[in-house]
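1. have a look at this fold, sequence not included:
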Ligand SMILES: Nc1ncnc2c1ncn2[C@@H]1O[C@H](COP(=O)(O)OP(=O)(O)OP(=O)(O)O)[C@@H](O)[C@H]1O
């Protein structure tokens, strides 16, 4: 005979066991569901990274703004600015995660906080305002808020972010994060404390750049473009090289900005179908609509002349260049007044020769960016050699006068000695 109490114990035990079983089932079901959701998200991101991206007519270079679709492979970055990314990532936020490209994504709230509610504006470009932002770890960055009227979808935007994030070079303004939230898209870049080359050249309140700084800036830009044309796989054509897109860091070293973001030129309120900025656009591109790496070389030629003359392309720079091109030392006439007498005219003429080659009408006759880099490097090396030679000369003359002084002192001593005897 089974006791009533035993029945109760058995009933309770079975009830507890069934309860535990159900709890376990629910727990594993939730875990399975979460893992599946995670896998699906990763798969989505991975497929976004290989989504059709647009390449130009050559079929080799990345052009973030043309319209033919294809899938291409991207080489891993040479060196990530990981320090920055890690410190940001270290500050855990449930809104933020590292996307497939390895670049942190931020929430609107994160950026709102970092920009003190979007009050720290530092510039305004055609894409929208740019803000200075201090991230939780103390990293200072620049946040470019893109106009919200774009028809580009979120996935497409993330694909472009993945592509931009894979381009890393010390002469490029590197992308260090992004935000796509609340209908807004933002790109987060390393902060360049000395602003744009255009501002330094044309703002009278700025200290004029020395010749040495100008040579270094020219070489830095050249190396940045060289990475885009020859180092990146597939090659990247900038399409909007101009002094406003060259940014300077705390020690006046230059980096190329805005690669992959070129926009259409608006002429008389209408889209012209041309990408780039008036004054820098390759005339051959205007007539053929074919944009190649040599079109970037043309724009770089204009920038080189800006560095030499501090004349903006919108202030008849081309006319001055043509006048200067009439004689071998013509550039002396258009050299920036602020550096006249402080630089070697031979070096200025050599840089002007390089710039002239970049501006040749026929793209084929323009040098490649590797050739330009080599030529500028040679001028810089010559400059440094001359500096050391003149320093050596200075040292030598100082030594001579020292010897003369010593001889005079000895002579005086000997005459005193003779007088004593
Ligand atoms: N990474 C950065 N660090 C510091 N300042 C920046 C940075 N990026 C942009 N800026 C500032 O914001 C300004 C606007 O930049 P943006 O790239 O949006 O426009 P732009 O290149 O001047 O013009 P456009 O958009 O017509 O090409 C720059 O001139 C510069 O002063």
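-> Yep, that arrived. Note that this is a predicted model, so its numbers are computed, not measured. Residues are numbered from 1 along each chain as shown.

2. what does this protein have sitting close to the ligand?
-> 122-127, 130, 142, 144, 173, 189, 191-192, 195-196, 244-245, 247, 257-258 (Cβ under 6 Å from any ligand atom). C-beta: built from backbone N, CA, C; applies to glycine.

3. hmm, try it at 8 Å
-> By Cβ under 8 Å from any ligand atom, the part of the chain that sits against the ligand consists of 122-130, 132, 141-142, 144, 173, 189-193, 195-196, 198-199, 240, 242, 244-245, 247, 257-258, 261, 263, 277.

4. out of the residues you listed, list just those in strands.
-> Under the assignment DSSP state E, those contribute 122-125, 128-130, 132, 141-142, 144, 189-190, 247 to strands.

5. any stretches of the stretch 101-250 of the chain with poor pLDDT?
-> Along the stretch 101-250 of the chain, the parts satisfying pLDDT under 70 run over 101, 149-152.

6. can you pull out the helices in it?
-> Taking DSSP state H, counting those that start in this stretch as the criterion, the stretch 101-250 of the chain carries its helices at 108-114, 154-165, 197-202, 211-226.

7. which of the ones you listed sits most buried?
-> Highest mean neighbour count of those: helix 211-226, a mean of 23 (counted as mean count of other Cβ atoms under 10 Å).

8. residue 211: what's it in contact with?
-> By Cβ atoms under 8 Å, 6 or more residues apart in numbering, the contact set of residue 211 is 339, 342, 343, 344, 347, 348, 383.

9. what's the neighbour count on the third one?
-> Residue 343 has 19 neighbouring residues, counting by other Cβ atoms under 10 Å.

10. find the nearest non-adjacent residue to it, please.
-> residue 211 (3.4 Å; Cβ to Cβ, 6 or more residues apart in numbering).

11. for residue 351, see how far away that neighbour is.
-> 10 Å (Cβ to Cβ, to the nearest Å).

12. and if you look at residue 213?
-> Taken as Cβ to Cβ, the span from residue 213 to residue 351 is 13 Å.

13. overlap in contacts of those two?
-> Joint contacts of residue 213 and residue 351 (Cβ under 8 Å, 6+ apart) do not exist.

14. list the contacts for whichever residue of the stretch 251-400 of the chain sits closest to the ligand?
-> With Cβ to the nearest ligand atom, the shortest gap between the stretch 251-400 of the chain and the ligand falls at residue 258, namely 5.1 Å. Residues in contact with residue 258 (Cβ under 8 Å, 6+ apart) are 125, 173, 238, 240, 245.

15. need phi/psi at it.
-> Dihedral angles of residue 258 (phi, psi; degrees, to the nearest 10) stand at phi 60, psi 20.

16. just the pLDDT for it.
-> Confidence at residue 258, expressed as pLDDT, is 91.

17. distance of it relative to residue 295?
-> 15 Å.

18. what do you get for residue 311?
-> Distance, residue 311 to residue 295, by Cβ to Cβ: 22 Å.

19. those two - which one has more neighbours?
-> Between residue 311 and residue 295, counted using other Cβ under 10 Å, the more crowded position is residue 295 (26 against 19).

20. just to be sure, that one is in a helix?
-> Yes. Read with DSSP: H, G, I helix; E, B strand; the rest coil, residue 295 is one of the residues of a helix.

21. and it, what does it touch?
-> By Cβ under 8 Å, 6+ apart, the contact list for residue 295 reads 237, 239, 276, 281, 282, 284, 285, 363.

22. what's the lowest-pLDDT member of the residues you listed?
-> Lowest pLDDT among the contacts of residue 295: residue 276, 88.

23. is it true that that residue touches residue 239?
-> Yes. Residue 276 is within contact range of residue 239, at 5.8 Å (criterion: Cβ atoms under 8 Å).

24. who's more crowded, those two?
-> Neighbour count, other Cβ under 10 Å: between residue 276 and residue 239, residue 239 has more, with 28 against 25.

25. quick one: the more buried one from the ligand, how far?
-> According to Cβ to the nearest ligand atom, to the nearest Å, residue 239 stands 11 Å off from the ligand.

26. equivalent analysis for residue 202, please.
-> 11 Å.

27. again, but for residue 216
-> From residue 216 to the ligand the distance is 19 Å (Cβ to the nearest ligand atom).

28. also residue 153?
-> To the ligand, residue 153 is 22 Å away according to Cβ to the nearest ligand atom.

29. quick check: closest non-adjacent residue to residue 252.
-> Nearest one to residue 252, counting by Cβ to Cβ, 6+ apart, is residue 213 at 5.2 Å.

30. do I have it right that that neighbour meets residue 253?
-> No. Using Cβ under 8 Å, residue 213 makes no contact with residue 253, being 9.2 Å away.

31. burial of the nearest residue to residue 196 once chain neighbours are set aside, as a residue count?
-> Counting by Cβ to Cβ, 6+ apart, residue 196 lies nearest to residue 244, which is 5.0 Å off, once chain neighbours are set aside. Number of residues near residue 244 (other Cβ under 10 Å) recorded here: 20.

32. contacts only, for residue 244.
-> Neighbour list for residue 244: 196, 197, 198, 199, 277 [criterion: Cβ under 8 Å, 6+ apart].

33. adding distance to residue 315, write the helices of the stretch 101-250 of the chain out as TSV.
-> Formatted as TSV, the helices of the stretch 101-250 of the chain follow (distance: least, Cβ to Cβ, whole Å):
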stretch	distance to residue 315
helix 108-114	37
helix 154-165	32
helix 197-202	9
helix 211-226	18
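
34. and residue 359, which of those is closest to it?
-> Residue 359 lies closest, by Cβ to Cβ, to one member of the helices of the stretch 101-250 of the chain: helix 211-226, at 14.6 Å.
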